[in-house]
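Undergrad: Here is a sequence together with a model predicted from it:
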Amino acid sequence: MGAKREGAVSGEVTSWLAKNAVPLSGLVAGVPSDDLQPLKDVLSGVRVVGLGEATHGTREFFQLKHRLLEFLVTELGFSVLAMEASASAAPAVDAYVRHGVGEAETALSGLGFWTWRTYEVLAVIEWMRAYNRGRPEAEKVRFVGIDPQRCGASIAVLDTFLSERAPDRVVGLRAALGVLAHAYPGQHPDPQRRLVHDAEDLAAFVHDQFPEAPEAVRHARILVRAADLVTRSRLHDDAQQTVYAARDRYMADAVHKLLTVPSAKIVLWAHNGHIAKNPYDNGPLPLGHHLREWHQDAYYALGLLFGRGSFRACRGRPGARARRPVDNRIGMAGSTTVEGHLAAAGRGDLVIDLRSVDTAPSTVKQWLHGRSATRSFGAYVPHWTYRLHRSPTVVAQEYDGLAYVAASTSSRPLPPAAASPRHR
């Protein structure tokens, strides 16, 4: 394609985006929701809204998710916030938001991810508590963690439970499975899966001997999934056998289980790479793929992208010792990227639905269904070269809609020590 023709196509795409995008009047929760009203038609019949993020350390992403959560709960009847966070530790957060048990900062820290220990996520938790206060139990919004890793809380619960009910099992729990409290996915690859067998043996014992203790059974099953992730390899000839694919299957299963309650409507908080409907080029299947396969159009994947600014992430390889998140500055991604087209649309912060593109020009459809590039950063970024990183994407294949924030600033970490108690 010649430069002139390519420029014409780009212009048509930008014009279509400018015409169809809904400008956001603000990113912070509490402002009037007039600008979000078009989402009511877009999300009609949807039971799971996946809210993605191109980085785990952008303040504006967290603020926008907070605002969207408020809208989805108060105006569309959504009842659960399911988060890419520890399934083991999340009940403490749920106890706080539903019943005011404990302290928000302590419960948030227990999730085990620096990404969520921020003032922005704390504000979400405090809003959920304020919303639930005084409401009947059936009308309260729940908090659920869907990630099997970071299961120290499950180790602690089972340690206490077994000490009282089956003391002879405690030593085995601590010696064989204690590593799961802090081990990360892929840390101890083992074709023999000995850790998994130990966890399965414990889970079977607890299930068979103590069926009247569902919480102990639940925590034992979490250890089985965590052991599977810890012992899987990151590399495999079959992408669906990698730890990445397994983790997303487990997270999808957790969301799917929540939907067995007919009235449940779920706000799903995770990275863009997880909420996407399909992988690029036969990669590991993301959790969004499973949800779309199981629930069709009742699942809506909204990817969150940004223009320029800064975000928090650790520099170096995942799992490296003593890595702390730092501010990482970055400029615009370039005019040919998805972010570049959204910026050129001139609508500032915006949201755009991609399901209703039947009337779009053929050039726009080709762009949506063709190879593009975008930016995607996890908890870790490489030193310096992160600024050059672009991820291939097929926009319509991965997302049902996009939200774009023009400027990204770094999320604000909570101090190491818990803050003073708050009124509940």
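TA: That came in fine, so what should we check first?
Undergrad: what's the helix or strand for Arg234?
TA: Under the criterion of DSSP states H and E, Arg234 resides outside all helices and strands.
Undergrad: Please tell me I have it right and it contacts Ala246.
TA: No: judged on Cβ atoms under 8 Å, Arg234 makes no contact with Ala246 at a distance of 10.7 Å. (Each C-beta comes from the backbone N, C-alpha and C, glycine too.)
Undergrad: Look at those two and report which has more neighbours.
TA: Neighbour totals were compared for Arg234 and Ala246, and Ala246 leads with 19 against 12 (other Cβ atoms under 10 Å).
Undergrad: show me the contacts for that one.
TA: Ala246 makes contacts with Asp228, Leu229, Arg232, as judged by Cβ atoms under 8 Å, 6 or more residues apart in numbering.
Undergrad: Turn these into CSV, including neighbour count, secondary structure and pLDDT.
TA: What follows is the contacts of Ala246, written out as CSV (neighbours: other Cβ atoms under 10 Å; DSSP: H, G, I helix; E, B strand; the rest coil; pLDDT from 0 to 100):
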residue, neighbour count, secondary structure, pLDDT
Asp228, 21, helix, 97
Leu229, 23, helix, 97
Arg232, 24, coil, 95
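Undergrad: which among those gets closest to Ser109?
TA: Taking Cβ to Cβ as the measure, Ser109 sits nearest to Leu229 out of these, at 21.8 Å.
Undergrad: which stretches of the stretch 51-200 of the chain form helices?
TA: Secondary structure of the stretch 51-200 of the chain (DSSP state H, counting those that start in this stretch): helices located at 59-76, 90-99, 104-110, 119-132, 152-165, 170-172, 194-209.
Undergrad: Helix 152-165 and the second one, what's the angle between them?
TA: I take that to be helix 90-99. On the basis of axes from the mean of the first three to the mean of the last three Cα atoms, to 10 degrees, helix 90-99 is oriented at 90 degrees to helix 152-165.
Undergrad: surely Arg98 meets Arg142?
TA: Yes: if you go by Cβ under 8 Å, Arg98 and Arg142 touch, sitting 6.6 Å apart.
Undergrad: what mean pLDDT would you report for stretch 197-210?
TA: Average pLDDT, stretch 197-210: 97.
Undergrad: distance of the nearest residue to Ala104 once chain neighbours are set aside from Gly11?
TA: Take Ala104 and drop its neighbours on the chain: the residue closest to it by Cβ to Cβ, 6 or more residues apart in numbering is Ile125, 4.9 Å away. Plainly put, Ile125 is 44 Å away from Gly11 if you go by Cβ to Cβ, to the nearest Å.
Undergrad: Can you get me the start-to-end distance on stretch 379-395?
TA: Using Cα to Cα, to the nearest Å, one end of stretch 379-395 lies 23 Å from the other.
Undergrad: Report the buried residues of that stretch.
TA: By 16 or more other Cβ atoms under 10 Å, the buried positions in stretch 379-395 come out as Ala379, Tyr380, Val381, Tyr386, Arg390, Ser391, Thr393, Val394, Val395.
Undergrad: Narrow those to those in strands?
TA: Tyr380, Val381, Ser391, Thr393 (DSSP state E).
Undergrad: correct me, but the first one touches Cys314?
TA: Read that as Tyr380. Yes: the pair Tyr380 / Cys314 is scored as a contact, 4.8 Å apart, by Cβ under 8 Å.
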